[in-house]
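Enquirer: Quick one, structure for this:
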Amino acid sequence: MMAQVSKDELSFVKEVPDQIEIECPVCLNILTDPHQVNCCGRNFCKSCIERIKESDGSCPMCKEERYQFFADKNISRIINGLQAYCTNKVEGCQWKGDLKYLPTHLNKGKREGECQYEEVKCRYDECLTRNQRQHLNVHEEEWCDQRPYLCQHCYAEGIYLSITFSHIAVCPKYPTKCPNDCTSSVMPRDSVPDHLTQCPLEPVDCVFSWAGCDDKPLRKDVHVHTADTKHMTLLAVACGQLKKENEKIKQEMKKQDKELKEMNARTLSYIAVMDCDKYPLLPATLHIRSDPVPVHFYTEVGSHHMSAVFLERRLYLAFHNGKFDKVGAFSQPEILFKYDYSDDAEPVQIELYRKVNDNILTQAVMQPSKLKNDGLTSIHIVDVTSIEITLTSSNEVTVIGYDPFIYVD
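Expert: Down below sits the predicted model:
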């Protein structure tokens, strides 16, 4: 199918007779797929007359509103057979042939095509260059900054623009000189760090930098700099400082050694107590019964020896001397009290923190008058079936009563 082209763009081998209708009255281009209307017999491009018909327009020539149109194969054959020159004739193209073959010859908008004088865009997407096909080959191969390109030093792949600008600045194999401008030959960029470890013109730390010398002589001058007598003074000062630091370290190590021995002794004491003591650690449970029996326990390792008994609707708590007392027992514990269905625990007041005889609660079971002892703490509890004493956090003991109501007084 013919691409839309105006009559002014074409140059015919022979002049087209005036009686041959080759222009569309609507778009004024050479007729493309000519269609004739039955009202006035004029020809239009198929796309032009269809567009007008769909918009309910009348015939563009005679204004008839009711009309039909059909393909005019005769005029189509005549137009396609007209001999024409290439539209790029003035540029130098020598092609001529049937008009129907002109679109194929031009292949407009495509990089490849028969006509080498047709102006098209460079094949690389980011390049905006437009030129005749015959000139684009050289542009794409030698001048386009978007063409594929290989780094000549490390063989990295990319486009010409990025390789020759951004990449070359970091290319590990790019030839470079020593930054100290020594007599070494040009070397790959990634060899420079190794070279600097040997370069005679590289500034290096003085061998007495640890003693306070901040000078950085060139590697080739290190032996001369080292011989400077000022280093003797620096060494004397540094040795004095080291001696002080050494004494300080000795004192710290002596202190740590003492603390470690004390810690080991305390640990061994804990272990000895845990191995030989007959009383367990919390938790402990008391079941309500007619013949109450005191329960002894340690609140936690290194903490308090206590006992408890439930007697006459009260839980009695006593503190006793314990094995951990010799290795540094905790301070007075906090005792809390709650009912099993409650989330909130209330503090229990310890009026007098005093350690009493281990058998005080056993004696109290037989002689309730001994419950008046000043060293006891009591909690009034009613209607419970059991009591659990547990360690809820370090140095914090919680008493929990089960069933059904509990209060503290």
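Enquirer: Just the endpoints, please. Distance across stretch 348-355?
Expert: 17 Å (Cα to Cα, to the nearest Å).
Enquirer: which residues are contacting that stretch?
Expert: With Cβ atoms under 8 Å, 6 or more residues apart in numbering as the test, stretch 348-355 has contacts from 319-321, 332, 335-337, 374-375, 377, 379, 399, 408. From N, CA and C alone the C-beta is placed, and that goes for glycine too.
Enquirer: so how far is Ile288 from Thr385?
Expert: Thr385 is 6 Å from Ile288, where distance means Cβ to Cβ, to the nearest Å.
Enquirer: what about those two, which has more around it?
Expert: Higher neighbour count among Thr385 and Ile288: Ile288, with 16 against 10, using other Cβ atoms under 10 Å.
Enquirer: Now, of the contacts of stretch 348-355, which are buried?
Expert: By neighbour count, with 16 or more other Cβ atoms under 10 Å, those hold 319-320, 335-337, 375, 377, 379, 399, 408 as buried.
Enquirer: Quick check: Arg123 is in a strand.
Expert: No: assessed with DSSP: H, G, I helix; E, B strand; the rest coil, Arg123 is coil; it does not lie in a strand.
Enquirer: Just the buried residues of stretch 22-35, please?
Expert: Those would be 22, 24-25, 27, 29-32, 34-35, for stretch 22-35 by 16+ other Cβ under 10 Å.
Enquirer: do stretch 186-205 as well
Expert: Of all the residues in stretch 186-205, those buried under the rule 16+ other Cβ under 10 Å are 189, 192, 195-196, 199, 201-202, 204.
Enquirer: Including secondary structure and pLDDT, could the buried ones among the contacts of stretch 348-355 go into a markdown table?
Expert: Shown next, in a markdown table, are the buried ones among the contacts of stretch 348-355 (DSSP: H, G, I helix; E, B strand; the rest coil; pLDDT from 0 to 100):
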| residue | secondary structure | pLDDT |
| --- | --- | --- |
| Phe319 | strand | 89 |
| His320 | strand | 89 |
| Ile335 | strand | 92 |
| Leu336 | strand | 93 |
| Phe337 | strand | 92 |
| Gly375 | coil | 71 |
| Thr377 | strand | 83 |
| Ile379 | strand | 86 |
| Val399 | strand | 92 |
| Val408 | coil | 43 |
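Enquirer: Just give me how far stretch 62-69 sits from the chain centre.
Expert: Put simply, stretch 62-69 sits 70 Å off its chain's centre (Cα atoms, centre = their mean, to the nearest Å).
Enquirer: can you list the residues that contact it?
Expert: 35-40, 42, 44, 49, 53, 58-59.
Enquirer: Looks like Glu157 contacts Arg147 (just checking).
Expert: No: using Cβ atoms under 8 Å, Glu157 is not in contact with Arg147; the gap is 11.9 Å.
Enquirer: Looking at those two now, which is surrounded by more residues?
Expert: Comparing Glu157 with Arg147 by other Cβ under 10 Å, the one with more neighbours is Arg147, at 17 against 9.
Enquirer: Which residues are in contact with the residue lying closest to the more buried one once chain neighbours are set aside?
Expert: Nearest in space to Arg147, with sequence neighbours left out and distances taken as Cβ to Cβ, 6 or more residues apart in numbering, is Tyr160 at 5.2 Å. Contacts for Tyr160 were tallied using Cβ under 8 Å, 6+ apart; they are 144-149.
Enquirer: do you know how far Tyr160 is from Asp194?
Expert: In this view, Tyr160 and Asp194 are 31 Å apart by Cβ to Cβ.
Enquirer: and what of Gly212?
Expert: Distance from Gly212 to Asp194, by Cβ to Cβ: 30 Å.
Enquirer: tell me which element Cys182 is part of?
Expert: Using DSSP states H and E, Cys182 sits within no helix or strand.
Enquirer: What residues does it make contact with?
Expert: 199-201.
Enquirer: I'd say Asn80 and Leu99 touch.
Expert: Yes: at 5.8 Å, Asn80 counts as touching Leu99 under the criterion of Cβ under 8 Å.
Enquirer: Looking at the two, which is more packed in?
Expert: More crowded of Asn80 and Leu99, by other Cβ under 10 Å: Leu99, with 19 against 15.
Enquirer: which one of the contacts of stretch 348-355 sits closest to Pro175?
Expert: Set against Pro175, the nearest of these by Cβ to Cβ is Leu336 (80.6 Å).
Enquirer: The closest residue to that closest one other than its chain neighbours - how many residues pack around it?
Expert: Among residues not flanking Leu336 along the chain, Ala345 sits closest, at 3.9 Å (Cβ to Cβ, 6+ apart). For Ala345, the neighbour count with other Cβ under 10 Å is 17.
Enquirer: Please enumerate the strands of the stretch 301-409 of the chain.
Expert: Ranges of strands in the stretch 301-409 of the chain, per DSSP state E, counting those that start in this stretch, are 305-311, 314-320, 334-339, 346-347, 376-382, 386-393, 396-402, 405-406.
Enquirer: Work out the gap between the third one and the centre of the chain.
Expert: I take that to be strand 334-339. Here the centre of strand 334-339 is set off from its chain's centre by 49 Å, with Cα atoms, centre = their mean.
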